[in-house]
Each structure stands twice: as structure tokens, then as C-alpha cells.
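Chemist: sequence and computational prediction follow.
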Amino acid sequence: MSKTTNFVMFAVGAAVGSVITWQYIKKKYERIAQEEIDSVKAIFLRKDPDMEVTVSDIPQQAELRKVEEKPDISEYEALMEKEGYTNYSGMGKEERASMESKPYVITPEEFGEFEEYEKISLTYYGDQVLADENDELVEDVEGAVGFESLTHFGEYEDDSVFVRNDRLKCDYEILLDQRTYSEVVKMRPHQMEV
């Protein structure tokens, strides 16, 4: 016999052997899986003989209840109270709601973390005046950044503090300027009030 014939016979033998092995292993593992399924059914039937387990009893992916994106905290509070957990923070619902609506200081790394939050730069002058990028006074300092946040210069950076206001969906960068507000306004004669 020639080398070609030997090679063809070897290749055919390997292919036939692979197919036979694949079929044998497939049947073996199908049998093992079926035995496992039958044993689970037998256990359930021993617990409740009237119950018949079918594939339709297993919940399908589409039928699973979707979890709400933002769960209502009052449900959790009620459950915690019902189960007897203690509120060690001492904060009630009203206090927590007022804290959530107040602006708070964040780290420089957290600034601009949320894409849906507007990023605003403000300047805090030496005479305790807060102004925007156009040097117009900020009317509602407490509602925008909170007076308390203006005491945090030097906490993360010497000349800036970063504040997040979740209610307004804004991140504020407040830069410290040692000059007075009146000095800065005098240096800009080209700006006229309208």
C-alpha cells in the first residue's frame, strides 16, 4: 500500500472514531442529566405527592419580576421597624429628607462624576461675596451651595472647594480669590449693566 492510501485510511478511521466517541459521550451525559432531573422530581413528590413538576413550573426569564430602578426608602424603613431593628443614627424621615436636599462638599475627584449634573464654576472673593463666571452675584447662596460649604477651603485644596447640590443636579467648583469683589468689578470697565 502506498503512503497516500495509508494516510486516507488513518484520516477516515480518526473521523469515524471521533463521531462514535462524541455520540457515546453525548448519550452518557444526557442519561446522567435525566437521572438528576428524575431524582429532583422524586424528592418533590415525596414532600407533596399530589404535586406534579413540569417544565412550565420553572419561571422563565421574561416572567421574572423586574426590580425597580430606585426603591422607595419608606418600604425599607417600615420593614426595618417591623423586624425590630434600631435606628442608631437618630435621624427621622424629616431630618433625612432635609439632609438629602442640602448642598454638600465633595472631593475634587467626585466633581463632574455624574454626566446629568451641570458643572458650574463660581468665585468666592475676599470680602465674602460669591459670584458666577461673569462676576454676577449669586442671589441664593444658601440654596445653591450653602453658606457652610464656604468654610471648607483648604480641606482638599487650598484655593477651591467642590459642592454638589442633588436638588438642582449641579456640581459647583468654587474658587477662592483674595481680591475684593469691588476691585474686580472696577477692573472691568468694558462691562456695562443692562
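Modeler: Noted; the coordinates are in hand. Numbering: from 1, shown residues only.

Chemist: for P103, see how far away H152 is.
Modeler: Look at H152 and P103: by CB to CB, to the nearest Å, they are 11 Å apart. Heads up, the C-betas are built off the backbone N, CA and C, glycines and all.

Chemist: quick one, which of those two is more surrounded?
Modeler: A direct count of neighbours by other CB atoms under 10 Å for H152 and P103 places P103 higher, at 22 against 16.

Chemist: who's in contact with V129?
Modeler: L137, T180, Y181 (CB atoms under 8 Å, 6 or more residues apart in numbering).

Chemist: how about JSON lines for those, with pLDDT added?
Modeler: Formatted as JSON lines, the contacts of V129 follow (pLDDT from 0 to 100):
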{"residue": "L137", "pLDDT": "90"}
{"residue": "T180", "pLDDT": "89"}
{"residue": "Y181", "pLDDT": "87"}
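
Chemist: make TSV from the residues you listed and add secondary structure and distance to D159 to it.
Modeler: Below are those laid out as TSV (DSSP: H, G, I helix; E, B strand; the rest coil; distance: CB to CB, whole Å):
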residue	secondary structure	distance to D159
L137	strand	20
T180	coil	16
Y181	helix	16
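
Chemist: now rank the residues you listed by neighbours and give me the top one.
Modeler: That'd be Y181 among these, by other CB under 10 Å, with 19 neighbours.

Chemist: after the longest helix seen in the chain, next one along is what?
Modeler: For the chain, the longest helix by residue count, based on DSSP state H, is helix 3-47. Going down the chain from helix 3-47, the next helix or strand is helix 73-82, by DSSP states H and E.

Chemist: circling back to that earlier point, and the longest helix of the chain, how far out from the chain's middle?
Modeler: Distance, stretch centre to chain centre, for helix 3-47: 45 Å (CA atoms, centre = their mean, to the nearest Å).
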